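Asker: Output the structure for:
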Amino acid sequence: MKSKPQEQQQPSSASSSKNNSAKTSQKKKKKKNALEDDASELSEEDQRLKDMVDLCVERIVEANTKAEVQRNALNQLREEIQRATGTMTSVPKPLKFLRRNYGTLKLLFAGEKQAPVVNDETEARRKLKRKQLLERLEREKKLKKKLEQEAKESGKASASASDVAGAAAGDGAAAAVSAATAETEAAIAAMQVIGDDDDEEVEMRPIGKLDDSNRPLLADVLSILACTFGEAAQEDALRFRLAGSADDIGIWGHEYIRQVAGVVAQTMQKRRAADEDVSDLVTLVDQIVPFNMTHSAENSAVDLLLEIDMIDKILDFINKGNNRRVCQYLTVCSVYQPDQEECDKILKIVFRAYMQVSNFTDALRVALKLGDRDLIMKVFDTVAELDQTVVLKQLGYILGTHRLSVAELEEKFEDDDELLEVIGNATLTQHFAKLAQELDVTEPKVPEDIYKSHLEEAGNPMRRQANRSSHTLDSAKQNLAATFVNAFVNAGFGQDKLVMPESSDWMYKNKDHGMLSAAASLGSILLWDLEDGVSHIDKYTFSNQTYIRAGAALATGLVSAAVTSEMDAALALLSDNLEDESTMMRLASALGLGFAYAGTAREDVLEVLVPILVDASQPFEVAAISALSLCLVYVGTCHEDLCTNIIEMLQERTETELNDSMARYVCLGLGFLFLGKGEACEPAMSAFAIIEHDIVDYLKVTVQSCAYAGTGNVLQVQQLLATLRDHYTDDDDEEEGKKDENNNNDNNSSSSSSDADKDKDKDKD
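Answerer: Predicted coordinates for the structure are as follows:
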């Protein structure tokens, strides 16, 4: 019984050996055919280049070679690579033919005495093995995907004991396949870089010794050759670059520098984390940055310096030719920094760069963006020292547009009335009138010019009927709408046909708030015109109608908006009205102060409005408008004392007052206080917890939205979306609870009615 299987095994082993020999011969034929195909694909010029590269490598690595012969061969390789990398769009041919010798040259550089034999046959064998590995990797990935699909399907089925055992076996198989896949990928990556070193059939050959004087030359070749292998050899590219010659790195081309720069940034971060020396990397950075700055790759230079936290080095390479591109790119990059400190650091670099090339107007804009008054004064001082009167006036117009009041600036240029008028926007109304005259739009317009109701008369009968029904609206609402349209369409022109004519009685065709709006519209029409505007509005401040006087107070604030004058009419007129018996007058006066001094951060306005804000006896609407006006005056300043006063005011108010819609104006005001300041709002957000009312949630969202407005902060967007999702989830739960309660009530009522019917039937019986 035992002899039969042995007899059967002998012929089978013989047949298998024949099959193996046949397969081996077929593989050899395929290799020869592949080699013949590769040889036939090369042109005469490429073949000549390939032979030259192989000859140079042979002279470099052969035993007992002389140092001078090595140097000549290395220089010849370097020259060929430099010529090829001048216009790199793919792997250059010299590097393509040199790739297979990368492992041998690395061993020579490391001082090894032997290296694998590299020729066309070994190259074909390496390609065949790599192809087999890729095919195996594809099969393993398919198997892994299949096992994952089976595990997912088995998870949906009922979990019996056999199912659990099968699932455990499936998990083990999946883990084994994953490990095999990782091993195959590692083998492919290693093979791509170091060659077919693990092949059992590889032959070894002796190699010579590299002369010390030739090591930098070979390191240069190995560095650029490592870049052709991608991420697998990027560390080698940097290591050999640091060991290379002191020649200009730019001779190797843009692509090489781009790859080395990426590795430099990663390596420097790792070394700093390990507290290691980075002086050699800094030396390399000092070579890369000048090359990028002089070859229209300023963005790459900025990216590298930002990653290694050495952005101040960019100032050494700023000139009038590249300063605009560099500074604009840095300004955009500042928006995406993780915190405000990093953002301000970059903006200060931009400021110094602009000042370095005497670009004072852009430097002032950056200083205003930073909100740094010292930098603003530095710009004006520098321009004043250079005696550039025109530039100084241009800076004054920029500062006037931002409505920033700088006391030091007013003291320094107190004798220059023209400059102070420009900074205070005293000439703004004149420039606007001149522009209107040039555009031929000085003729006042009436609301009908905007409505164009005569065009609505045309059309089908249904439209005419709709127009007639719309005309039946309350005349008071129509007049109020006409007042607003008239104020906006004639804003700043100084004249209109509805309110300002002497014969006009439009003011008295309105009632209550309509009167207030009509009087306040004068401030919009006479916008920026302090000389004529205040005198024209003054006659309404003595009216017997409280609403007209309140409207005049608002108009006084509007006409003074963005304009600074020595007489300071708004503060003088409106501060007295804050003690008026009428609540409406106090509201209008407080809001008028906010309009007049928005963005100026005036301390005297703070002293006038804070007592009203903290006075608990004041009506809540007056305190709320006072808070809003103060935050308009101190917009974007994060004024700590003002924020504290507003929070304490909210804490002391009753629940009924906080439920009032006016409380939302207080929340909006706090948002203005931290407008665009990002993380600076965090202490205030924490302080909101002392307010025991539901309005805290609304307050936090408002302040958060204003603080990060325009920043593009993804984390804040996600947080707001999460708030929105939670809000709707809570609402849905409440609605479902109400539906269940209603259903229960319906069921109870139906059951009670059926019981009542049964009782009636019994009574009848």
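Asker: Setting aside sequence neighbours, what's the nearest residue to residue 397?
Answerer: residue 422 (5.7 Å; CB to CB, 6 or more residues apart in numbering). All C-beta atoms are positioned from the backbone trio N, CA, C, and that covers glycine.
Asker: I'd say the one you found and residue 392 touch.
Answerer: No. Contact criterion CB atoms under 8 Å: residue 422 and residue 392 do not qualify, at 9.1 Å.
Asker: how about low-confidence regions in the stretch 601-750 of the chain?
Answerer: Counting by pLDDT under 70, the low-confidence segments of the stretch 601-750 of the chain come to 727-750.
Asker: residue boundaries of the helices in it?
Answerer: 603-614, 620-633, 640-652, 655-659, 663-673, 682-687, 695-707, 714-764 (DSSP state H, counting those that start in this stretch).
Asker: The stretch 151-300 of the chain now?
Answerer: Counting by DSSP H, counting those that start in this stretch, the helices of the stretch 151-300 of the chain are 161-194, 215-226, 234-242, 254-273, 279-294, 298-307.
Asker: Could you single out the most deeply buried of those helices?
Answerer: Compared across the helices of the stretch 151-300 of the chain, helix 215-226 shows the largest average neighbour count, a mean of 22 (mean count of other CB atoms under 10 Å).
Asker: Run through who's touching it.
Answerer: Applying CB atoms under 8 Å, 6 or more residues apart in numbering, the external contacts of helix 215-226 come out as 60, 71, 74-75, 77-78, 81, 85, 95, 98-99, 102, 105-106, 108-109, 193, 210, 233-234, 236-241, 243-247, 252, 256, 260.
Asker: quick one, that helix and helix 234-242 angle?
Answerer: Orientation of helix 215-226 against helix 234-242 (axes from the mean of the first three to the mean of the last three CA atoms, to 10 degrees) gives an angle of 150 degrees.
Asker: Buried subset of the contacts of helix 215-226 as a PyMOL selection?
Answerer: Selecting only the buried entries of these in PyMOL, with 16 or more other CB atoms under 10 Å as the criterion:
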select buried, resi 60+71+74+77+78+81+85+95+98+99+102+105+106+108+109+193+210+233+234+236+237+238+239+240+241+243+244+252+256+260
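Asker: Residue 632: neighbour count?
Answerer: 22 (other CB atoms under 10 Å).
Asker: what sits against it?
Answerer: By CB under 8 Å, 6+ apart, residue 632 lies in contact with 594-595, 597-599, 669, 672.
Asker: if I look at it, how far off is residue 672?
Answerer: 6 Å (CB to CB, to the nearest Å).
Asker: repeat for residue 342
Answerer: Residue 342 is 25 Å from residue 672, by CB to CB.
Asker: When these two are compared, which one has more neighbours?
Answerer: Taking neighbours as other CB under 10 Å, residue 342 and residue 672 compare with residue 672 leading, 22 against 16.
Asker: And whichever strand or helix holds residue 344, how far out from the chain middle?
Answerer: Element membership of residue 344 [criterion: DSSP states H and E] is helix 340-356. Per CA atoms, centre = their mean, to the nearest Å, the displacement of helix 340-356 from the mean C-alpha position of its chain is 17 Å.
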